[in-house]
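Q: Provide a 3D model corresponding to the input given below.
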Amino acid sequence: MKKNLILHITPHLSGGLERVLLSTLRYSNKENSPFLHEIIIIDEKHLTNHTKKKFLKYNKFIHIGKKYDFIKKKICEADIVQVEYWNHPQIYEFLTNFRFPLSRLVLCSHINGFSRPQIITKNAVDFSDIFLSTTKATRKHPLFISKKNIDRTKKLKFVNYPVDFKRFGKITPKSHKGFNISYIGSLDYSKLHKDFLKMSGAINLPKTNIIICGSGLDRSKIEKEAKKYTKTKFQFKGFIENIKNILKITDVLGYPLNKNHYGSGEQAIIEAMYSKIPIVAFANRAEKEIIQNKKTGILVKNKDDYVQAIKCLYSDPKKRKKIGLNAHRHILTNLSPLVSFKNLNKVYKKLMSSKKKLRKFRTRILKKNDNKNFGAELFIESLGTKGGEFLKSYKNSGKKINKKINEIIKNAEIELKVLTKGSLFQYLYFYPNDPYLNFWAGLMSLNENNIFKKNHKPLNKSSYDYFRKALKLDKKNKEFQYYLKNISNLNTVLTHS
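A: Numbering: from 1, shown residues only. Predicted coordinates:
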């Protein structure tokens, strides 16, 4: 029996996406799978040797760094195209710049889509045939809750990617000294709760270890700050490939993310649940879709509740065991590869009944990609209706000095100022010669003394560097001229404010 081809397109493979696509390839290679999956990875530069090694067995299904002609040919061959979707410059460049031939298109969203810069945009949803979300929290997104949005609501489908049982096998707890509270995930305050260390320090139980596994932009900052908590034993393990060894000695998974985090499926949570470990997490949108409070984990509303919940589990081993077993059964019933891919295949089969069609990404802002401001236009597009200050700044075209708008940009939230995750600085990384991206980076960096510690400036440049480059790229822009000329005064005002 010939299998229908699902062609995945992604800028890179990392973290949770790497694991779910690896599981997808494993499952689709079984005889009873009705679909064959192949993956196109746009960005060869950011694909690690470690990831390549993981996918070595499936080399013939992986296409890396191919040109648009090859991609177009593969799309024509495919029955369904699935673009792995989140706010990434190369994703928006592809969606807006690539001319899709006749196709059936799924956008698979790996974000919950509520907070900048990782938001779901109207134009992206409208471009797809199916908008496939990895969290049911998305059903409450403004794009899908209004009666006016009935067509978009019909497009919205959900997928729960499974735990890779083959990767974990049977996990048997290993005896260990003390009480181990583990955190496994991103060490980046764009996702992690800003008071993670303070909360962990406040737990203050006898012979307690806080085991921290993962990497991220704030790792060194977090490790330095942890030294202040002398009564708490923090153990930083870095990224660990074989996480089973950590799960075996974990008593509780503490998973406190900030309210506006971008996550969706949260593989770290479901892997801990499979391992019979009770989880304590904040009652954020994504976590509430995964954990049934007090049955398969504990959801808390504030920092004090987080500390008390862990203390409660410490003092009640029977409760820990009961919650862990409930969580394990939930995963076996609902998130096995067989169940997850069976449900996903239903979505594909339904889409197969529709005809392939031509499509065009509709936007009012984007011009041809050979214009000097293409990166800024992509960034504005990626923010949808949430990027008003950047759109106004851009449309001003340097004709006047718009201090009110520039002040808003200068004080943008930290999520827009990190180096990745759809931030302004990630767009600047891919479009270093865009004048407006440099200008906005200069505005944001005026606050660097308050936000970034020494040697942690965005791209290690100052406001002066960004303003100077912006003016070099657009010499007639009066706004760029003004800010470069007055940079000393601006920094003086900031320093003494």
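
Q: what is the burial count for residue 105?
A: By other Cβ atoms under 10 Å, 21 other residues sit near residue 105. Yep, even glycine has a C-beta here, placed from its N, CA and C like the rest.

Q: beta partners of it?
A: Beta bridges link residue 105 to residue 81, judged by DSSP bridges.

Q: which parts of stretch 412-422 are buried?
A: If you call a residue buried by 16 or more other Cβ atoms under 10 Å, then stretch 412-422 has these buried ones: 412, 414, 415, 416, 417, 418, 419, 421, 422.

Q: export these as CSV, with columns for secondary structure, distance to residue 327 and pLDDT.
A: Rendered in CSV, the data for those read as follows (DSSP: H, G, I helix; E, B strand; the rest coil; distance: Cβ to Cβ, whole Å; pLDDT from 0 to 100):
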residue, secondary structure, distance to residue 327, pLDDT
412, coil, 38, 95
414, helix, 32, 89
415, helix, 30, 92
416, helix, 35, 95
417, coil, 36, 92
418, coil, 31, 89
419, coil, 34, 90
421, coil, 28, 91
422, coil, 31, 95
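
Q: closest to residue 111 among those?
A: Looking at the buried residues of stretch 412-422 and their distance to residue 111, the nearest is residue 422, at 8.6 Å (Cβ to Cβ).

Q: which one is that closest one nearest to, not counting chain neighbours?
A: Computed as Cβ to Cβ, 6 or more residues apart in numbering, the closest residue to residue 422 that is not its neighbour in sequence is residue 87, at 3.0 Å.

Q: need the phi and psi values for that neighbour.
A: Recorded main-chain torsions at residue 87 are phi -80, psi 100, according to degrees, to the nearest 10.

Q: okay, now it: neighbour count?
A: Neighbour count for residue 87, taken as other Cβ under 10 Å: 26.

Q: with residue 262 instead?
A: By other Cβ under 10 Å, 24 other residues sit near residue 262.

Q: can you classify it by secondary structure?
A: Look at residue 262: counting by DSSP: H, G, I helix; E, B strand; the rest coil, its state is coil.

Q: show me the shaky parts of this protein.
A: Counting by pLDDT under 70, the chain contains low-confidence ranges at 1, 368-370, 448-460, 488-497.

Q: any idea which helix or strand comes after the longest helix along it?
A: Criterion DSSP state H: the longest helix present in the chain is helix 317-334. Tracing the chain past helix 317-334, the next element assigned as helix or strand by DSSP states H and E is helix 337-352.

Q: can you spell out which helices and strands pack onto that next one?
A: Using 3 or more Cβ pairs under 8 Å, 6 or more residues apart in numbering; DSSP states H and E as the contact definition, the elements that helix 337-352 packs against are strand 4-10, helix 15-28, strand 80-85, strand 105-109, strand 130-133.

Q: off-centre distance for that helix?
A: The gap between the average C-alpha position of helix 337-352 and the chain average comes to 24 Å, counting by Cα atoms, centre = their mean, to the nearest Å.

Q: I'd like the distance from the one helix or strand residue 37 maps to to the chain centre, please.
A: Taking DSSP H and E as the definition, residue 37 sits inside strand 35-41. Computed by Cα atoms, centre = their mean, the chain-centroid distance of strand 35-41 equals 21 Å.

Q: nearest to residue 296, out of the helices and strands packed on helix 337-352?
A: helix 15-28 (19.3 Å).

Q: for the helices and strands packed on helix 337-352, give me CSV that also has distance to residue 239.
A: Shown next, in CSV, are these (distance: least, Cβ to Cβ, whole Å):
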stretch, distance to residue 239
strand 4-10, 20
helix 15-28, 10
strand 80-85, 21
strand 105-109, 25
strand 130-133, 27
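
Q: for residue 262, find the nearest of the ones you listed.
A: Using Cβ to Cβ as the measure, strand 105-109 is the one of these that comes nearest residue 262, at 10.4 Å.

Q: list the helices and strands the closest one packs on?
A: For strand 105-109, the contact count by 3+ Cβ pairs under 8 Å, 6+ apart identifies strand 80-85, helix 122-127, strand 130-133, helix 337-352 as packing neighbours.

Q: past the helix or strand where residue 53 lies, which element shows up next along the chain?
A: Under the criterion of DSSP H and E, residue 53 resides in helix 49-54. The first helix or strand that comes after helix 49-54 along the chain, using DSSP H and E, is strand 62-64.

Q: between the helix or strand that that next one is followed by and strand 35-41, how many degrees?
A: Secondary structure here is assigned by DSSP H and E; on that basis, the next helix or strand after strand 62-64 toward the C-terminus is helix 68-77. Here helix 68-77 runs at 170 degrees with respect to strand 35-41, directions being taken by axes from the mean of the first three to the mean of the last three Cα atoms, to 10 degrees.

Q: residues of helix 68-77 that come out buried?
A: Residues of helix 68-77 classed as buried under the neighbour-count rule (16+ other Cβ under 10 Å) are 71, 72, 74, 75.
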